[in-house]
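>>> The following comprises the amino acid sequence and a computationally predicted model.
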There are 2 protein chains.
Amino acid sequence: MKGKTISEAVIRRLPRYFRYLEELAEKGVERIPSSRIASALRVTASQVRQDLCSFGGFGQQGLGYNVEMLKNEIADILGLTRSYNMIIVGFGNVGAALAGYMGFSKEAFIFKAAFDIDTDKVVPEGLKLYSIDKIEDYLANNQIDIAVICTPKAAAQSVAERLVAAGITKIWNFAPIELDLPENITLENTNMSASLYMLTYSRR
Amino acid sequence: MKGKTISEAVIRRLPRYFRYLEELAEKGVERIPSSRIASALRVTASQVRQDLCSFGGFGQQGLGYNVEMLKNEIADILGLTRSYNMIIVGFGNVGAALAGYMGFSKEAFIFKAAFDIDTDKVVPEGLKLYSIDKIEDYLANNQIDIAVICTPKAAAQSVAERLVAAGITKIWNFAPIELDLPENITLENTNMSASLYMLTYSRR
DNA sequence: TAGATTGTTAATCGATTAACAATC
DNA sequence: TAGATTGTTAATCGATTAACAATC
């Protein structure tokens, strides 16, 4: 399977493998068989092997996988070996929560600035808050990798277009709307309501 | 296709249809063909028809779908015709953001109480903050549908177990850990880091 | 009626699972 | 060596797309 492009389905599982491998590494586990990864993440051992094999097998027959090696390999595939400068557009509840969220790797994801209509809002130490008018100015003078849109629905599309025009290629959208952007933009949507609906929908 | 169980893949798309139909309804659009839904959501018309047909066709040949009717039908399937009482466990950045988030339907999702170790935190009007020790007490005396876990990683599993023991069956987990819970619990995970990794991973 | 568009079946495509030879 | 476990191929399963008759 080496050399083939990795499917979206596999990529979506990589963060879970990664998180689990981090835990194992912390605990000092050195080797792990696919069967244990599988039971921890509630998938099949076959799928684990198929997934890991798709980007080049790092296991050893009879011994399983080297935790540290596999973790590093996945980090590399996910692009976690470098750091990313980020800005937040729309500093309401969601924007503020992200800026203060402790779950992100502090070294890998650096919140540089936030933009809002109201520039009097309180921001965490180290983060700068600018008027939303200043987006273009700021992006012309600062190298930013990822923009996070946390504006209300009505503002999101126009903000997104401004970001794209200013050279942003990776957008994380929290506004509850389908953004219409060029093909070359990498867009990730986090739809809070949709997640909640998965709980209100009763299976079976 | 009527009568068959609706697949997970279809269910995951329903919130997007729903959101789009809400927009159309607001604009006063009365009928819409599958082709237009498809282009708005960037899926195929065939898939839209297949999806909608899977829970009983509500379209009319030659005329498309009645927006209001379809919206109500999807709301019904997603369980949005009633309201849900919710509690938040762990009132840090994420918990506070959810409590203040304006994107949820205020009528359908009602945040009743929050629980934290620190009971001196500021909470929005109408929400009560209790010590985390009071969870069992509270749940014995209040009918709660959904519990949201926003604690740090280390506390999440034990909090989840306490919630389940106290009768909670629907859990929305924001803590960055795989919770191990009984089969009958409906669990929805929102993994912020995973979403971000989808942006750092470079396609193509 | 003619045109549009659904509902649904069949064909295709992709992803998951099973199986097992290779090998540590 | 014997046991364990991978890498990988083949089989299965499910989801998406295509096609078109039915019908508004």
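Sure, I can see it.

>>> mind listing what the residue in chain A that chain B sits nearest to touches?
Per C-beta to the nearest C-beta, residue A:97 is where chain A lies closest to chain B, at 3.2 Å. In short, each C-beta sits where N, CA and C put it, glycine included. Taking C-beta atoms under 8 Å, 6 or more residues apart in numbering or on different chains, we find residue A:97 in contact with B:93-94, B:96-97.

>>> Quick check: nearest residue in space to it, chain neighbours excluded?
residue B:97 (3.2 Å; C-beta to C-beta, 6 or more residues apart in numbering or on different chains).

>>> Now that neighbour. Its backbone dihedrals?
Per-residue torsions, residue B:97: phi -60, psi -40 (degrees, to the nearest 10).

>>> Could you check how far it is from DNA strand D?
Between residue B:97 and DNA strand D the distance is 30 Å, computed by C-beta to the nearest atom of the strand, to the nearest Å.

>>> how about the longest helix along chain A against DNA strand D, any contact?
Secondary structure of chain A per DSSP state H: the longest helix is helix A:8-26. No: judged by C-beta under 7 Å from any atom of the strand, helix A:8-26 stays clear of DNA strand D, getting no closer than 10.0 Å.

>>> do the same with stretch A:51-63
Yes: legend: contact between stretch A:51-63 and DNA strand D by C-beta under 7 Å from any atom of the strand is shown at A:52-53, A:57-63.

>>> Am I right that residue A:178 falls within a helix?
No: assigned with DSSP: H, G, I helix; E, B strand; the rest coil, residue A:178 falls outside any helix and is coil.

>>> residues touching it, list them.
Applying C-beta under 8 Å, 6+ apart, the residues contacting residue A:178 are A:189, B:16, B:19-20, B:40-42.

>>> 7 Å instead?
The neighbours of residue A:178, taking C-beta atoms under 7 Å, 6 or more residues apart in numbering or on different chains as the test, are B:20, B:40-41.

>>> Closest to DNA strand D out of these?
Taking C-beta to the nearest atom of the strand as the measure, DNA strand D sits nearest to residue B:41 out of the contacts of residue A:178, at 11.0 Å.

>>> Who wins on neighbours among the contacts of residue A:178?
residue B:20 (19 neighbours; other C-beta atoms under 10 Å in any protein chain shown).

>>> Could you pull up the residues touching it?
A:178, B:37, B:40-41 are the contacts of residue B:20 under C-beta under 7 Å, 6+ apart.

>>> Repeat that for residue A:151.
A:89-90, A:159, A:175.

>>> cutoff 10 Å now
Neighbouring residues of residue A:151 by C-beta atoms under 10 Å, 6 or more residues apart in numbering or on different chains: A:88-92, A:94-95, A:115-117, A:132, A:157-160, A:173-175, A:177.

>>> Show me those that map onto strands.
A:88-89, A:115-116, A:173 (DSSP state E).

>>> wait, doesn't residue A:60 sit right on residue A:31?
Yes: using C-beta atoms under 10 Å, residue A:60 is in contact with residue A:31, at 8.3 Å.

>>> Between these two, which contacts overlap?
residue A:66.

>>> Which one's more surrounded, these two?
Between residue A:60 and residue A:31, counted using other C-beta under 10 Å, residue A:31 has the larger neighbour count: 16 against 10.

>>> Is the more buried one in contact with residue A:66, as I believe?
Yes: with contact defined as C-beta under 10 Å, residue A:31 reaches residue A:66; the gap is 6.0 Å.

>>> Pull up the overlap in contacts between these two.
Shared contacts of residue A:31 and residue A:66, counting by C-beta under 10 Å, 6+ apart, come down to A:59-60.

>>> Show me chain A divided up by domain.
Chain A is divided into the following domains under automatic domain parsing: A:8-77, A:84-196.

>>> Compare the ones you listed and give me the one nearest residue B:168.
domain A:84-196 (15.0 Å; C-beta to C-beta).

>>> start to end distance for that closest one?
29 Å (C-alpha to C-alpha, to the nearest Å).

>>> quick revisit: between which two of the contacts of residue A:97 is the distance greatest?
B:94 and B:96, at 7.3 Å, using C-beta to C-beta across the contacts of residue A:97.

>>> Could you pull out the residues contacting both of those two?
A:97, A:100, B:88, B:150.

>>> The third one touches residue B:109, doesn't it?
Going back to what we said before, that points to residue B:88. No: between residue B:88 and residue B:109 there is no contact under C-beta under 10 Å: 11.4 Å.

>>> Of these two, which one has the most company?
A count of neighbours by other C-beta under 10 Å puts residue B:88 above the other of residue B:88 and residue B:109, at 28 against 21.

>>> which residues sit in contact with the more buried one?
Residue B:88 touches B:94-96, B:98-99, B:111-116, B:123, B:127, B:129, B:146-151, B:172, B:174, counting by C-beta under 10 Å, 6+ apart.

>>> So which of those residues are in helices?
Short answer: these in helices (DSSP H) are B:94-96, B:98-99.

>>> Am I right that residue A:199 is in a strand?
No: applying three-state DSSP, one finds residue A:199 to be helix, outside a strand.

>>> give me the element the spatially most distant residue from the centre of chain A is part of.
No residue in chain A sits farther from the centre than residue A:62, which is 34.1 Å out by C-alpha atoms, centre = their mean. Under the criterion of DSSP states H and E, residue A:62 resides outside all helices and strands.

>>> Now it: phi and psi?
phi 90, psi -20.

>>> If we only consider the contacts of residue A:178, which is nearest to residue B:70?
residue B:20 (10.1 Å).

>>> ok, the closest one to residue B:131 distance?
43 Å (C-beta to C-beta, to the nearest Å).

>>> Next: residue A:180.
47 Å.

>>> cool, and residue A:186?
In terms of C-beta to C-beta, residue A:186 sits 43 Å off from residue B:131.
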